[in-house]
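Asks: Sequence first, then the predicted structure:
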Amino acid sequence: MKTIIKNIESLEVLDSRGNPTVRTYVELEDGTKTFSTVPSGASTGMNEAVELRDNEERYGGKGVKSACMNVENIIAKEIKGMNSTKQMEIDSIMNELDGTESKSNLGANAILSVSMAVAKASALSLGIPLFQYLGGSNACRIPVPCMNILNGGEHADNSVDFQEFMLVPLGAPCFAEGLRYVAEIFHTLKAILKDKGLATSVGDEGGFAPNCSSNEEAIEFIVMAIEKAGYKPGIDVSIAVDSAANSFSPNLDNHYNMIWSGAGEMSSDDLIDLSSSWLDKYPIVLWEDPMSEGDWDGFSRFTQKFGDKIEVVGDDIFVTNTKFIKKGIELGTANSALIKLNQIGTVSETIQAVRLCREAGWRYFLSHRSGETEDTFLSDFAVAMDGGHLKTGSACRGERIAKYNRLLEIERILAGKSEYRWK
Ligand SMILES: O=C(O)[C@@H](CO)OP(=O)(O)O
Ligand SMILES: [Mg+2]
């Protein structure tokens, strides 16, 4: 059979931060050969699946090279000879081989590299675009590109506490136009910052990282840039924020300390008040991780207050894990989950997390990591999952642009049959 796995090999390569990461090649009986490369986060949730990374001393120095060895010496031995289209079976065999809930034995990066590569190889061998292989022949919704144009927190060396400020081109008629809107605003923001004598260097995801005088000044600059570029805030282009509140909650609880801006200590209620005043003034449609992963109560209160007006997304608190998303659904913690393949470590389990959100009437927001690669799996995956929006960084870094460009290609493949809508 064409799609029988003939060979699997792994190679240590570099990610966008210049750190080692895993790339895995899968070869099928019919000669199809392809590969996948895994990303890695900087602001991570405590319960994310465990990667074997060189910079993680807590795993006894087991680094990316050992993840690659695990692919070749342990996973490949079991998976070779299997049909690559048996995604769920392959993923669950890898989980059994690993034997831990966190995937810390073989490494979530080792497992995910194989999981994504077998999906890609299957699609290639069958002659189907990856987004249709994963999402079915009706997959046609291109996500609204939530472009991160201003970075703070752990993704930058500046005076902004909130990690990501994103543009949401929800008024555009199609993806290509939406991308054009946000790329233009990106360049306009650069000119505004330059004009004000502020730095135009960028953070990990390619958004600008100026030393703003306050967090609020950051969002003011963005509204200014939207207008100056000729768009209407809230109609053509709205705004999304990822506070990544873990990064300013020293004990990951309901105490916050905004050290970068100097705003100082805050409680969950102070953050709710701040958000409330921003929501009155600025066209914000989505707010991610407004509270830390330990502040379930603060998160719920935030959702109670704003959940009928905006999308409240849980990232570090849910870590793409159905166990935590289920708890969030029961408690009303949020109304959406961030979806990152490497937080849970297999394609099948990521799809389960998406399905759970859908069944609960939640939204789900597909996402890259701050340490990325040129792999465009995420673009196809986002279209396949039909979530309507994704975040994959700014307009000035190749590893992010690769994903936007793949979405342009998909829109073209769908030749007028694609959908583009926020909700
Ligand atoms: O917090 C986030 O949402 C992500 C991606 O933007 O960052 P990281 O990959 O560092 O966790
Ligand atoms: Mg986040």
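Replies: Thanks, I have the structure now. Because the structure is a prediction, the values reported are computed rather than measured. Ligands and ions are numbered 1, 2, ... in the order given.
Asks: and Gly314, backbone torsions?
Replies: phi -100, psi 130 (degrees, to the nearest 10).
Asks: ok, it - contacts?
Replies: 288-289, 299, 324-325, 328, 333-334, 336-338 (CB atoms under 8 Å, 6 or more residues apart in numbering). (C-beta placed from N, C-alpha, C; glycine too.)
Asks: and with 6 Å instead?
Replies: Gly314 makes contacts with 328, 334, 337, as judged by CB atoms under 6 Å, 6 or more residues apart in numbering.
Asks: Do you know the pLDDT at it?
Replies: In this model, Gly314 is scored at 98, pLDDT.
Asks: In space, what's closest to it - neighbours in sequence excluded?
Replies: Nearest residue to Gly314, sequence neighbours excluded (CB to CB, 6 or more residues apart in numbering): Ala334, at 4.2 Å.
Asks: now, which of the contacts of Gly314 lie within strands?
Replies: Ala337 (DSSP state E).
Asks: So among the contacts of Gly314, which ones count as buried?
Replies: 328, 334, 337 (16 or more other CB atoms under 10 Å).
Asks: was I right about the last one contacting Ile325?
Replies: Just to be clear, that refers to Ala337. Yes - using CB atoms under 6 Å, Ala337 is in contact with Ile325, at 5.2 Å.
Asks: between the buried ones among the contacts of Gly314, which is nearest Ser84?
Replies: Of all those, Ser84 sits closest to Ala337, with 28.3 Å by CB to CB.
Asks: Look up the residues forming beta bridges with the closest one.
Replies: Gly314, Tyr364 (DSSP bridges).
Asks: who touches it in this structure?
Replies: So Ala337 contacts 314, 318, 325, 357, 364 (CB under 6 Å, 6+ apart).
Asks: what's the burial count for Gly294?
Replies: Neighbour count of Gly294, defined by other CB atoms under 10 Å: 19.
Asks: From ligand 1, how far out is it?
Replies: Distance, Gly294 to ligand 1, using CB to the nearest ligand atom, to the nearest Å: 16 Å.
Asks: repeat for Asp98
Replies: 22 Å.
Asks: One more: Leu366?
Replies: 11 Å.
Asks: In which helix or strand does that residue reside?
Replies: Using DSSP states H and E, Leu366 maps to strand 363-367.
Asks: Reformat the contacts of Ala337 as TSV; add distance to ligand 2.
Replies: Below are those laid out as TSV (distance: CB to the ion, whole Å):
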residue	distance to ligand 2
Gly314	9
Phe318	10
Ile325	15
Cys357	16
Tyr364	13
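Asks: Highest neighbour count among those?
Replies: The contacts of Ala337, ranked by neighbours (other CB under 10 Å): first place Phe318, 33 neighbours.
Asks: so that one makes contact with Lys327?
Replies: No - look at Phe318 against Lys327 with CB under 6 Å: they stay out of range, at 8.4 Å.
Asks: Can you check my assumption that Lys326 lies in a helix?
Replies: Yes - under DSSP: H, G, I helix; E, B strand; the rest coil, Lys326 sits within a helix.
Asks: Would you mind listing the residues in contact with it?
Replies: So Lys326 contacts nothing (CB under 6 Å, 6+ apart).
Asks: Please tell me how far the residue most central in space within the chain sits from Gly393.
Replies: Geometric centre of the chain, nearest residue: Ser367, 1.8 Å, by CA atoms, centre = their mean. If you measure Ser367 against Gly393 using CB to CB, to the nearest Å, the figure is 10 Å.
Asks: Please apply the same query to Asp161.
Replies: Distance from Asp161 to Gly393, by CB to CB: 19 Å.
Asks: Tell me how many other residues crowd the residue in the stretch 301-423 of the chain that ligand 2 sits nearest to.
Replies: Nearest residue of the stretch 301-423 of the chain to ligand 2: Asp315, at 3.6 Å (CB to the ion). Asp315 has 29 neighbours, counted by other CB under 10 Å.
Asks: so it makes contact with Asp289?
Replies: Yes - applying CB under 6 Å, one finds Asp315 in contact with Asp289, separated by 4.9 Å.
Asks: returning to what we had before: the residue of the stretch 301-423 of the chain closest to ligand 2: what's it in contact with?
Replies: Asp315 touches 288-289, 338, counting by CB under 6 Å, 6+ apart.
Asks: and the nearest residue to Ala121 once chain neighbours are set aside, what pLDDT?
Replies: Excluding its sequence neighbours, the residue lying closest to Ala121 (CB to CB, 6+ apart) is Val26, at 4.4 Å. At Val26, the pLDDT value in this model is 98.
Asks: Got phi/psi on Val26?
Replies: According to degrees, to the nearest 10, Val26 has phi -120, psi 130.
Asks: count of residues packed around it?
Replies: Neighbours of Val26 (other CB under 10 Å): 28.
Asks: now it: how far from ligand 2?
Replies: 30 Å (CB to the ion, to the nearest Å).
Asks: For that residue, which residues are in contact?
Replies: Here Val26 is in contact with 8, 117-118, 121 (CB under 6 Å, 6+ apart).
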